[in-house]
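Novice: make a model of this:
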Amino acid sequence: MVYKATNKSKYCYTIEDIPLVPLTEQSSTRFVAAGPALLSFITNPPGCVFPMHSHEAVQILVILEGTEEHTCGDETFLMEAGDVCVHPSNVPHGGRTTTGFRGIDIFVPPREDYLQLMAKHGLPIEGPK
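Specialist: Residues are numbered from 1 along each chain as shown. So this is what the prediction gives:
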């Protein structure tokens, strides 16, 4: 049988159906965690500043829409739709956006603090059901 993503498939679902979780006062995301990876479908509104931080996980950020002035390590650059930034483990990074942006963050291994945030919001670790 062929399912549409919005039908209750155990493997496929629509991003908008995943609950929105606040990361900061301005930034929010939709998490999917399965096995060795954690995905974060992040939305930052215009004027959002995501503070400098670092973590053990390797992070790959893909900008889907909008732009962000992004800092990774000792470099600052403008990221636009289609750009990808690889954040090595424990390298400080953060950014600010004047336009707002939507993107995907991939964390390997999953960030423990984000797994705890998912649990706090009642989200499953193997993906939405």
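
Novice: so which residues of the protein form strands?
Specialist: For the chain, applying DSSP state E gives strands covering 21-22, 28-34, 37-44, 49-53, 58-72, 75-80, 84-87, 93-96, 101-108.

Novice: need the contact list for the residue nearest to I106 when sequence neighbours are not counted.
Specialist: Of all residues not flanking I106 in the chain, I60 sits nearest, at 4.4 Å (Cβ to Cβ, 6 or more residues apart in numbering). In this view, the C-beta of every residue, glycine as well, is placed from N, C-alpha and C. Contacts for I60 were tallied using Cβ atoms under 8 Å, 6 or more residues apart in numbering; they are 84-87, 105-106.

Novice: in JSON lines: the strands of the chain, plus mean pLDDT.
Specialist: Output for those, formatted as JSON lines (pLDDT from 0 to 100):
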{"stretch": "strand 21-22", "mean pLDDT": "96"}
{"stretch": "strand 28-34", "mean pLDDT": "94"}
{"stretch": "strand 37-44", "mean pLDDT": "96"}
{"stretch": "strand 49-53", "mean pLDDT": "96"}
{"stretch": "strand 58-72", "mean pLDDT": "98"}
{"stretch": "strand 75-80", "mean pLDDT": "98"}
{"stretch": "strand 84-87", "mean pLDDT": "98"}
{"stretch": "strand 93-96", "mean pLDDT": "98"}
{"stretch": "strand 101-108", "mean pLDDT": "98"}
